[in-house]
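K.L.:
Any chance you could fold what I've pasted below:
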Amino acid sequence: QVQLVESGGGMVQAGGSLRLSCAASGGTFINYHMGWFRQALGKEREFVAFVSWSGSRTYYTDSVKGRFTISRDNAKNTVYLQMNSLKAEDTAVYYCAAGPTSRGVGLTTAQMYDYWGQGTQVTVSS
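P.N.:
Okay, here's the model as predicted:
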């Protein structure tokens, strides 16, 4: 059983930056690809970014390409989401998730992930 705990959310002005962290415990971190999702008020949860177990492959939803960077530190069992040039439409609760490597790479839907954090709120004021 993998436990995920996000941190780093908060309120920032448009154009600003935040870095989210997600610390994993209770499992073998390198057995999992990691993803970030977000859910805005009244909307469905959506995929944001993916990183493979080794960190060598990443995918992003189009709306964050060039602004967000996902990375992981396997020595620290932690995945990060660096968010730059934030926009009001990035406001949401952000969740990290772990999906087994057996499902292949490019996990872009919530159903491909087995474990989820509790979420951290990101609010971008315009």
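K.L.:
Could I get the full set of strands for the chain?
P.N.:
Assigned by DSSP state E, the strands in the chain fall at 3-7, 10-13, 18-25, 32-39, 46-51, 58-60, 68-73, 78-83, 92-100, 115-116, 120-125.
K.L.:
what would these look like in TSV with mean neighbour count?
P.N.:
Any C-beta I mention is one placed from the backbone N, CA and C, and that applies to glycine too. Below are these laid out as TSV (neighbours: other Cβ atoms under 10 Å):
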stretch	mean neighbour count
strand 3-7	17
strand 10-13	13
strand 18-25	19
strand 32-39	24
strand 46-51	22
strand 58-60	17
strand 68-73	18
strand 78-83	23
strand 92-100	23
strand 115-116	18
strand 120-125	17
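K.L.:
need the ones you listed in a markdown table with distance to Gly106 and mean pLDDT, can you?
P.N.:
A markdown table is the format used below for these (distance: least, Cβ to Cβ, whole Å; pLDDT from 0 to 100):
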| stretch | distance to Gly106 | mean pLDDT |
| --- | --- | --- |
| strand 3-7 | 20 | 98 |
| strand 10-13 | 29 | 98 |
| strand 18-25 | 19 | 98 |
| strand 32-39 | 9 | 98 |
| strand 46-51 | 6 | 98 |
| strand 58-60 | 6 | 97 |
| strand 68-73 | 13 | 98 |
| strand 78-83 | 16 | 98 |
| strand 92-100 | 10 | 97 |
| strand 115-116 | 18 | 98 |
| strand 120-125 | 24 | 98 |
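K.L.:
Surely Ser126 touches Ala14?
P.N.:
Yes: contact criterion Cβ atoms under 8 Å: Ser126 and Ala14 qualify, at 4.8 Å.
K.L.:
if I look at these two, which residues touch both of them?
P.N.:
Taking Cβ atoms under 8 Å, 6 or more residues apart in numbering as the contact rule, Ser126 and Ala14 both touch Lys87, Ala88.
K.L.:
out of the two, which sits in the busier spot?
P.N.:
Using other Cβ atoms under 10 Å, the more surrounded residue of Ser126 and Ala14 is Ala14, with 14 against 10.
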